[in-house]
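Asks: below are the sequence and a predicted model for it; my questions follow.
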Amino acid sequence: MSKPTADDTGAEPVALVYLWPVGRLPGFVLGMILARIPLRSDGRVLRPVGSLPALSPVLGALAAGRALLPSPFHLAAVTVLPLALLPVSVAATDVTDRSPYLRSPVMVRLGELSYAIRLTHFTVLLTVDHYLGRALGIPARTAMALAITLLLSWLLSTFVERPCMRRFATAVKG
């Protein structure tokens, strides 16, 4: 049996590998399992390595993936484990109060916007690249995409997410 191609499925390979939920499922399951790591069975927290040291495997995997794997696979396959370990390290750092910057107002606000950022960033990246790809360099496109993503995320959070939560969410009774 041959492997499916874009011609067979009607989809681009990037969509099959990176965006298709079945292709992303192993990473989500791994994340759920690893989310339990910071707390040991005796209730103590594992010693964190810090956020910046935990980020270096992600950067290494991105560089190696671009060099070693074909186009659609370097986006997801190589980064699954390092990106799964990064939140574990950040959570352990946060729980042990070793990193006050995670509790700064800017970081708290970005955390509040994270779902809206997740929903908007890829569309913004593709749109900025499509319309301004040749006109601007990578740093300018990145800065513009970041600004647009943050603006759209704020609008989505303020005018859709929060009103829906106020209207439809129920209070947790403890």
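Replies: Received it, and whenever you're ready, just let me know what you need. Numbering: from 1, shown residues only.

Asks: buried residues in the longest helix along the chain?
Replies: Across the chain, the longest stretch assigned as helix under DSSP state H is helix 105-132. Under the neighbour-count criterion of 16 or more other Cβ atoms under 10 Å, helix 105-132 has Leu113, Ala116, Ile117, Leu119, Thr120, His121, Val124, Leu125, Val128 buried. From N, CA and C alone the C-beta is placed, and that goes for glycine too.

Asks: check those residues and tell me the two furthest apart.
Replies: Farthest-apart pair in the buried residues of helix 105-132 is Leu113 and Val128; separation 18.6 Å (Cβ to Cβ).

Asks: and the closest residue to Ile37 other than its chain neighbours, what element?
Replies: Nearest residue to Ile37, sequence neighbours excluded (Cβ to Cβ, 6 or more residues apart in numbering): Val88, at 5.0 Å. Using DSSP states H and E, Val88 sits in helix 80-95.

Asks: packing partners for that helix?
Replies: Here helix 80-95 touches helix 21-34, helix 51-68, going by 3 or more Cβ pairs under 8 Å, 6 or more residues apart in numbering; DSSP states H and E.
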